[in-house]
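1. A predicted structure for the sequence below; I have some questions about it.
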Amino acid sequence: MIHRHAIGMLPKKPHTVLRDEAGKLMMEVCVTREGFHGPFSILYYRKPPTDEFAVERLNLPGFCPFTFVDEQPLHRRHVRTQDMKPGGDFLTGRRTLLANDDLQVGICKPVDPPKRFFSNGDGDELYFVKEGQGHVESNYGVLPFRKYDYVLIPKSTPYRIHLDGHRGVLLVFEGRPYLGIPSEYRNAYGQITDYAPFSHRDFRVPEALLKFDEKKHGPPPYPVVVKQADTLTVHQYQHFPHDVVGWDGAIYPVAFNILDYQPKTGLVHLPPTIHTTFAGRGFVVCSFVPRLVDYHEQSIPCPYGHASVDMDEILYYVDGNFTSRRGIESESISLHPQGVPHGPHPGTYERSIGTKRTEELAVMCDTYKPLRLTTDAAAVEDRDYHMSWVKKEAPDAWTSK
């Protein structure tokens with residue numbers, strides 16, 4: 001997905017014999033995308049990950065399944081995820097807030113250590129770590145992450161997330177069926193271009209193979225929760241199903257810190273397209289980071305009004321000064337749907353003139369298909385947000401409520 005990487009023991013050629021130190025034959029498993037036409041990785045297992053002996057259904061209400069609101073009148077919205085209560089682990093605490101056929105967006109605020117491994121067969125997953133640090137365990141090895149990292153988990157990768165102190169705040173995108181580097185950031189040879197907003201060096205890869213530890217992973221059986229067609233099943237294995245001695249390929253989890261994103265600045269305000277970081281079918285994920293702003297002597301750095309007639313826009317506010325918005329806090333999610341124009345709150349547009357730098361930190365997502373709210377999102381919605389453009393605090397001082 002990023003570039004070829006290799007860890008551990010490998011035979012000289014694929015599809016040939018590989019034995020461990022004791023002479024035991026390893027099982028080769030190919031993970032492929034788009035049949036055999038897309039990117040792939042080849043993993044070598046001590047025990048074939050095929051000895052499941054029991055499968056049962058699992059429901060995690062709020063994540064899988066989730067429930068859409070019955071009615072969603074067309075207007076701008078503000079979902080206060082900061083008001084959501086922490087709970088569960090990286091899987092059981094996950095709540096889906098917005099969704100369409102191509103994308104599901106959720107929040108997770110774990111307080112418990114991770115238990116079962118999870119494999120999402122519906123699409124690639126992208127975590128944004130708002131708070132916390134820790135590491136990801138997967139069959140590709142151990143991947144450390146830190147605050148403000150994006151963590152990209154390929155489709156159908158069994159993994160679990162460990163947070164230091166079992167505490168964190170995670171924004172989660174599930175791209176169906178894929179989510180990755182925009183094609184325009186690669187040259188014809190697959191290399192990330194020198195004019196892209198990041199380089200190969202910015203992406204961190206698993207540092208070491210995952211070693212089985214009975215104290216940490218427990219005795220058999222070993223459960224793996226699998227999501228497919230928005231249904232969860234628990235698969236029980238007789239042997240630890242992630243014991244890999246080596247692998248190579250282009251599919252594996254990676255981490256990328258949002259502060260390593262290289263923003264572009266122009267003579268006048270540039271559209272948010274320049275902030276694109278990841279892309280999937282029917283959507284993009286963008287990064288707004290601290291940066292210098294426009295340098296024309298008459299420029300207006302605050303974003304202009306916008307009627308995005310083909311796309312919904314959500315913005316997850318992380319930190320800093322949000323130039324175009326008032327009444328918004330860290331962890332707020334705004335939804336500006338297609339069909340109605342949106343723009344800066346009254347007063348912010350003119351006040352931005354003369355600004356030389358912005359310190360905002362935010363994650364944006366634009367989707368072609370309209371996003372629908374779930375009941376979990378509705379429970380923490382600021383229902384007066386759409387009126388905040390027309391509320392007065394004092395004569396001739398138009399501000400948000």
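-> Looks like it arrived, so ask away. Numbering: from 1, shown residues only.
2. please name the nearest non-neighbouring residue to the residue nearest the centre of the chain.
-> What sits nearest the mean C-alpha location of the chain, by C-alpha atoms, centre = their mean, is residue 126, with 2.3 Å. Spatial nearest neighbour of residue 126, chain neighbours left out: residue 173 (4.3 Å); criterion: C-beta to C-beta, 6 or more residues apart in numbering. Backbone N, C-alpha and C define where each C-beta goes, glycine included.
3. near the one you found, how many other residues are there?
-> When neighbours are defined as other C-beta atoms under 10 Å, residue 173 has 23 of them.
4. what are the bridge partners for it, then?
-> residue 105, residue 126 (DSSP bridges).
5. show the pLDDT at it.
-> For residue 173, the pLDDT comes out at 98.
6. isn't it right up against residue 120?
-> No - in this structure, residue 173 is not within contact of residue 120 by C-beta atoms under 8 Å, at 11.2 Å.
7. please enumerate the helices of this protein.
-> 214-217, 348-351, 375-378 (DSSP state H).
8. return the most buried member of those helices.
-> Using mean count of other C-beta atoms under 10 Å, the stretch among the helices of the chain with the largest mean neighbour count is helix 375-378, at a mean of 21.
9. what lies in contact with it?
-> Here helix 375-378 makes contact (C-beta atoms under 8 Å, 6 or more residues apart in numbering) with 62, 66, 67, 68, 69, 79, 84, 95, 96, 97, 98.
10. name only those of the residues you listed that count as buried.
-> 62, 66, 79, 84, 95, 96, 97, 98 (16 or more other C-beta atoms under 10 Å).
11. which of these lies closest to residue 236?
-> Nearest to residue 236 out of the buried ones among the contacts of helix 375-378 is residue 62 (C-beta to C-beta; 24.3 Å).
12. excluding residues flanking it in the chain, which one is nearest the closest one?
-> Nearest residue to residue 62, sequence neighbours excluded (C-beta to C-beta, 6+ apart): residue 95, at 4.4 Å.
13. identify the residues contacting that neighbour.
-> 62, 63, 66, 84, 106, 107, 108, 374, 376.
14. give the contact list for the third one.
-> Contact partners of residue 66, counting by C-beta under 8 Å, 6+ apart, are 95, 96, 99, 374, 375, 376.
15. adding pLDDT, write these out as JSON lines.
-> Formatted as JSON lines, those follow (pLDDT from 0 to 100):
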{"residue": "95", "pLDDT": "98"}
{"residue": "96", "pLDDT": "98"}
{"residue": "99", "pLDDT": "98"}
{"residue": "374", "pLDDT": "98"}
{"residue": "375", "pLDDT": "98"}
{"residue": "376", "pLDDT": "98"}
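16. now do residue 90: how many residues are near it, please.
-> Residues near residue 90, counting by other C-beta under 10 Å: 25.
17. likewise residue 339?
-> Neighbour tally, residue 339, other C-beta under 10 Å: 12.
18. which residues sit in contact with it?
-> Neighbours of residue 339 in contact, by C-beta under 8 Å, 6+ apart: 74, 309.
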